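Visitor: I would like to see how this sequence folds:
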Amino acid sequence: MTAFVAAAPYIVAGTSVMAFQGQGTIGKYNQKTENRKALILEGQADQLEAKAEFDIAQFNKTYQKVKGETNVALSKSGVVIGSGSAYNISLANNFEKQLQEQLISYDAKIAADNKREEANFARIKGTIARQQSKLAQIGTIASASTTLLKFQ
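Guide: Below you'll find the model as predicted:
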């Protein structure tokens, strides 16, 4: 029993060092994980913006097809392209085209901004995790010190 009492301060010191190191490792790991998550979210934001460009290109392709079909139909019915009703239809279609392009861009920008905000929060969460591990380390040192003082 006296050997155990004599070894107790060393056991406390050893386990405290292990706990201290483990807490630091966990904090760093959690911070790295959140930083990685932030990078992924930023990549997703970039992808959303690139997809908007693709969606606009696809929309323009469809728009040009419909515009051509409309012009052919108007020509077949004897309407002069660029005058009267044909002009009004063309003008309305151009306004609608611009509106749709703006909506696609706006929706993509909002979604990308949300992803970037999630990335910012992930980094904050990582920093908080790291700080919590440092506080746990301080608690471990304080607890070990108090315990070791009791042995003296």
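Visitor: What's the separation between residue 31 and residue 37?
Guide: Residue 31 sits 11 Å away from residue 37, going by C-beta to C-beta, to the nearest Å. In short, each C-beta sits where N, CA and C put it, glycine included.
Visitor: my bad, should have said residue 92
Guide: If you go by C-beta to C-beta, the gap between residue 92 and residue 37 works out to 46 Å.
Visitor: How about residue 17?
Guide: 31 Å.
Visitor: So the two - more neighbours on which side?
Guide: When residue 17 and residue 37 are compared for neighbours, residue 37 comes out ahead with 17 against 13, by other C-beta atoms under 10 Å.
Visitor: List the buried residues of stretch 55-75.
Guide: Neighbour-count burial for stretch 55-75 flags 55, 56, 63, 67, 71, 74 (criterion: 16 or more other C-beta atoms under 10 Å).
Visitor: Then stretch 79-99?
Guide: 79, 86, 89, 90, 97.
Visitor: Inside strands: which ones of the buried residues of stretch 55-75?
Guide: The members of those all map outside strands under DSSP state E.
Visitor: can I get these in TSV with distance to residue 129 and pLDDT?
Guide: Converted to TSV, the buried residues of stretch 55-75 look like this (distance: C-beta to C-beta, whole Å; pLDDT from 0 to 100):
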residue	distance to residue 129	pLDDT
55	37	96
56	40	96
63	49	93
67	55	89
71	61	85
74	65	83
